[in-house]
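*Asks:* give the three-dimensional model of this entry:
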Amino acid sequence: MALEFGAHNIRANAIAPGLFRSEITSGLMQKDWLKNVAEKTVPLRTWGTSDPALTSLVRYLIHDSSGYVSGNVFIVDAGATLPGIPLFSRL
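*Replies:* Below you'll find the model as predicted:
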C-alpha cells in the first residue's frame, strides 16, 4: 500500500497490538494461567492499556511530524513477539 499510495502523498502504516486490557478482554485478564504466561514470556511482564500505549502512537502517526514515516508495521506488545525469544521453553 505504501508503494501504491505514496505517489499520491498518502502514508500507509499499520499497528499490530498485543493483548490489551479492555472491556472485551477483562474476563481473560483475570485468568491465572494468562498471568503465568505473561510473567514468563513477555519481557515487560505486563499487559498494556489502549491509552496511552496505542493512542499515543496513533496521535503520532496522524500528526505532521510523522510525514516521513510510511510502510511500517508498529508492534505494540510489551516485547512478546521479539525475534529469537523461545516462548514456550520457559513455561
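*Asks:* Trp47: neighbour count?
*Replies:* 21 (other Cβ atoms under 10 Å). Where you see a C-beta, it was placed from the backbone N, CA and C, and this is true even at glycine.
*Asks:* hang on, it packs against Ala38?
*Replies:* Yes - using Cβ atoms under 8 Å, Trp47 is in contact with Ala38, at 6.4 Å.
*Asks:* contact partners for Leu82?
*Replies:* In this structure, Leu82 makes contact with Pro43, judged by Cβ atoms under 8 Å, 6 or more residues apart in numbering.
*Asks:* should've said Gly48
*Replies:* For Gly48, the contacting residues are Pro17, Gly18, Leu19, Phe20, Arg21, Leu54, Val76, Asp77, Ala78, by Cβ under 8 Å, 6+ apart.
*Asks:* isn't the second one up against Ala53?
*Replies:* In this case it means Gly18. No - with contact defined as Cβ under 8 Å, Gly18 and Ala53 do not form a contacting pair (9.2 Å).
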